[in-house]
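Q: The following comprises the amino acid sequence and a computationally predicted model.
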2 protein chains.
Amino acid sequence: MSGDHGLKIDGVAYRAIWVAKDGWSVEIIDQTKLPHEFRTLRLTSLDTAAHAIRSMQVRGAPLIGATAAYGLSLAMRVDPNDGSLEHAYKTLLATRPTAINLRWALDEMRGRLAALPPAERATAAYARAAEICDEDVAINYQISTHGLGVIRAVARRKGTGRLNILTHCNAGWIATVDWGTALAPIYRAHDSGLDVHVWVDETRPRNQGASLTAWELGKHGVPHSVIVDNAGGHLMQHGMVDLCIVGTDRVTANGDVCNKIGTYLKALAAADNGVPFYVALPSPTIDWTINDGLREIPIEERDPREVTHLTGRTPDGRIETIEVTPAGAAAANYGFDVTPARLVTGLITERGVTEASREGLLRLFPERQPAIAS
Amino acid sequence: MSGDHGLKIDGVAYRAIWVAKDGWSVEIIDQTKLPHEFRTLRLTSLDTAAHAIRSMQVRGAPLIGATAAYGLSLAMRVDPNDGSLEHAYKTLLATRPTAINLRWALDEMRGRLAALPPAERATAAYARAAEICDEDVAINYQISTHGLGVIRAVARRKGTGRLNILTHCNAGWIATVDWGTALAPIYRAHDSGLDVHVWVDETRPRNQGASLTAWELGKHGVPHSVIVDNAGGHLMQHGMVDLCIVGTDRVTANGDVCNKIGTYLKALAAADNGVPFYVALPSPTIDWTINDGLREIPIEERDPREVTHLTGRTPDGRIETIEVTPAGAAAANYGFDVTPARLVTGLITERGVTEASREGLLRLFPERQPAIAS
C-alpha cells in the first residue's frame, strides 16, 4: 500500500538509513557532505552512531530517532547487560536536546529490551529498530496522502496557475527514513501532475534548505527556487506563496510547534497575509507531556562557528570553509524556535489533518485522552 | 555642534566618502572587500561612480545619494553641457531602483546646475556635493541625539541590566557619509556609558550585518553578537531584545518603510512580542510622492548568484568564493521588503521622533502639507 519512495541516486533507490550487507553494521548518507558529495558512512558502534547524530551526519527528527534505535542495537551487540543498555540510552539521549523523536525511539527500545534476558536483546533490538524504520516509512506515506489533500484543496481554491509552496529547513526524504514529512505531500503532488513550485528557504546557519531540500527536490525533478530566509515575507505580501508546509522537531500536547530556527517568522508572515501554514508530523513527534512550547521545550544552542563559517565548493571543485564575519566576531547560535499553535493553520499527521490544539490532537489520538477522575 | 564621528581605522578618522588630495577625484572605501580588507578606491569618472553604486562598493541609501552627487560632479568636470548633465543624471539614476536618496540627490544637483551657465557647473557641482555630504553628517548627528532619547527611555523602563538592541543590515557609519542612521544612536549610547549590546542580523544574501555592521561596531568597541536572520523572533519571544532600530531606503508619505529584505519579518516579531520597533531616517529618505509602500516602491531583483555563492576568508587568509547550493540550482533574489506603517513604533528623524503616519510626518515636516484647495 505504502511502498518506499526511495529517492534515486544514480539510478539506485535509497532509504536514508539501512543495515549493511554484513547484517549488523548500519549505513547512512553523510549529510554534512551534501549537496557537493554523495557519500555513505558505516556506523559500527554506539559511539559512531552518537557521533553521527551529534555532528549532524544524520539529522531530521524521525531520522535521529531511527539512528538512535540502531545505535542502541549496536551497543547491545557488544554488551547486552543492563549497565550497557542504560549507558547507551543516556549517551544517545544526550546527543541532541530538542527533537522528541530521539527520546521516543530510545524509550521504545529500552522498554522492549529491559523486559528480555540479555542474551535475547541484540536480536530484539535490531528487530525493533527495523520496525521503527518501517513504521516511519508507512507513517510518512500516510502523511503524504493527507497532505496531498491539503495541497489539492489549496489548488482548487486558487483555480489556475502554478502552486507556490514555501518550506523551511529540510523535512524531506533525508530527514526521515523515507518520503519525508513536509516534502512527502509535495512529492505526491508533483508525481500526480500538479504544477507545484517550491520556495526553498536556505535555512541558515546550516543551510539545510539550500543544501538538502534543493538537492532532494532537484533529484526528483520538482521545480524549486532557493531563497534567503529573509525573503519569504516579501513573497507572501505579494501573493507569491499559496501555502507553507514545514516539519517539526517537537509538537506540544496543545499544538505549539518547535522547528528549525526561523520557522516562527514565516508563520507570522503567513498569518499576516492569510497564507495557510501547515506542519507535517509523525505522531512520535508529539510530546504529550508538555503544553507550553515556549517555556517547556529546551532549545539547543550550537557552536557559533556555524554562524561565522560556511563550507562550499570553489569554482575549481575544491571544498573550502570560509569565515564571513570579522576575525574574532562573537556570534550566538540558537537551533530552534517555537511557533505558537495560534499561528498554525493545521497539523498533518498519519491519521489525518487537524487544527493545532489539544482538542484537535485528541480527536485524532483519542487513546491519549487523560483518564477522567471519577 | 555636530562634529564628525569619523570611525577610526588604524588611528585615522574617516568619512565614508571624500574628495582626494588632488581636489577633484573622489575616494571611497570598497565595501565589497570588508570585513576582510580595508581598501580605498578612487572614482575618477561618471562611469566609475556609477559602477561603484551598482556593484555595491558603496551602498546604504544616504551614501548612495552622496556618491551620485559626486558622480554628477565628475561628469560636469569633463563636459558641463546640457546633454552631459542629462546623460549623467539618467546613468546614475539607473544604478539602483529602490533607495529614494539617489533620486533626491540627483534632483538636488540637476536643479542647481541646470540654472547655471555650463562654465560654472563643475565648480557648483562639487560645492553642492560637499554640502550634501555635510548636511548628511549634520542630519545623522541630530538623528543620533533623538535616537539616544529613545534608547534612554527604553533603558529607564527596563531598569537594570544590559540593553539588547537588534538591528538588520547596515545603517551605520558606512551606509552614510558619517555617523550612520540606525547605528548613530547606538554609538552615542555606548559613548555615554550606557551598557548596550547589539544583536547583528547577518542579513543574507550580502551579509551587510555580518560583514559591515559587526566590523563597524567592533572598530568602535560596541559589544555585539552576530546572529542568523532566522534568530531574532526566538530572541524576542524570550525577552532577549529590548529594542529594534533599523535604517530604511525609502519611507512613504504615510510611513510605510522599505528596507533590506527581511526587515518586515523582524517587525512582525517585534509587534507580536511587544518589542519597540524604530526606524531611523534622514528626511531625504522620505518619498512624499507615494503612500502605499507595497504597491508603489520598486523592489530591486539582483543576481541569484548572491544567494548561491558566498565570499570569505579561508583559514590561511585567502579570499575564496564558494557555492553553497547544488550545482545549477535556481534561486531568486529580492533586495528589499516593505514594513507597513502599522508595525512601526516610531520614526527617528533629524527633527525628532514621530509615529509612522502621514499626520506624524507632517507634524515634523509641516512645509510638506499639501496646499488646501480653497
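A: Cool, got the structure.

Q: going forward, measure contacts and count neighbours with C-alpha atoms only.
A: Noted.

Q: For the helix or strand of chain A with the lowest mean pLDDT, list every residue counted as buried.
A: Taking mean pLDDT, DSSP states H and E as the measure, strand A:7-9 is the helix or strand of chain A with the lowest mean score, a mean of 78. Residues residue A:7 are the ones in strand A:7-9 that count as buried (16 or more other C-alpha atoms under 10 Å in any protein chain shown).

Q: Just give the closest residue to the most centrally placed residue in chain A, not the sequence neighbours.
A: Chain A has residue A:60 as the residue nearest its centroid, 3.2 Å off, counting by C-alpha atoms, centre = their mean. Closest residue in space to residue A:60, ignoring its immediate chain neighbours: residue A:175 at 4.0 Å, by C-alpha to C-alpha, 6 or more residues apart in numbering or on different chains.

Q: right, and the one you found touches residue A:63 too?
A: Yes - the pair residue A:175 / residue A:63 is scored as a contact, 5.5 Å apart, by C-alpha atoms under 8 Å.

Q: just to revisit the earlier point, summarise which helices and strands the least confident helix or strand of chain A is packed against.
A: The contact analysis (3 or more C-alpha pairs under 8 Å, 6 or more residues apart in numbering or on different chains; DSSP states H and E) places strand A:7-9 against strand A:12-14, helix A:214-220.

Q: Now do the same for the residue nearest to residue A:296 when sequence neighbours are not counted: its pLDDT.
A: Of all residues not flanking residue A:296 in the chain, residue A:290 sits nearest, at 6.7 Å (C-alpha to C-alpha, 6+ apart). Note on residue A:290: pLDDT of 96.

Q: Kindly report the same for residue A:98.
A: Per-residue confidence (pLDDT) for residue A:98: 91.

Q: Which residues outside the least confident helix or strand of chain A are in contact with it?
A: For strand A:7-9, contacts defined as C-alpha atoms under 8 Å, 6 or more residues apart in numbering or on different chains pick out A:13-15, A:173, A:216, A:219-220.

Q: Tell me how far the residue nearest to residue A:296 lies from chain B.
A: Noted for residue A:290: a distance of 18 Å to chain B, by C-alpha to the nearest C-alpha, to the nearest Å.

Q: Let's verify that residue: helix, strand, or coil?
A: Secondary structure assignment for residue A:290 (DSSP: H, G, I helix; E, B strand; the rest coil): coil.

Q: Might one say that it is in contact with residue A:256?
A: No - look at residue A:290 against residue A:256 with C-alpha under 8 Å: they stay out of range, at 9.7 Å.

Q: These two: who's more crowded?
A: Shown here are residue A:290 and residue A:256; by other C-alpha atoms under 10 Å in any protein chain shown, residue A:256 has more neighbours (26 against 15).

Q: Could you tell me which residues touch both of residue A:175 and residue A:63?
A: residue A:16.

Q: Might you list the low-confidence residue ranges for chain A?
A: Applying pLDDT under 70 to chain A picks out residues A:1-4, A:371-374.

Q: Recalculate using a threshold of 50.
A: Applying pLDDT under 50 to chain A flags the ranges A:1-2, A:373-374.

Q: helices and strands around the longest helix seen in it, which ones?
A: Longest helix in chain A by number of residues (criterion: DSSP state H): helix A:118-158. Applying 3+ C-alpha pairs under 8 Å, 6+ apart, we find helix A:118-158 packed against helix A:61-78, helix A:100-114, helix A:183-191, strand A:346-349, strand A:352-354.

Q: quick one: buried residues of stretch A:354-363?
A: Of all the residues in stretch A:354-363, those buried under the rule 16+ other C-alpha under 10 Å are A:354-362.

Q: How far off centre is that stretch?
A: How far stretch A:354-363 lies from its chain's middle: 21 Å, per C-alpha atoms, centre = their mean, to the nearest Å.
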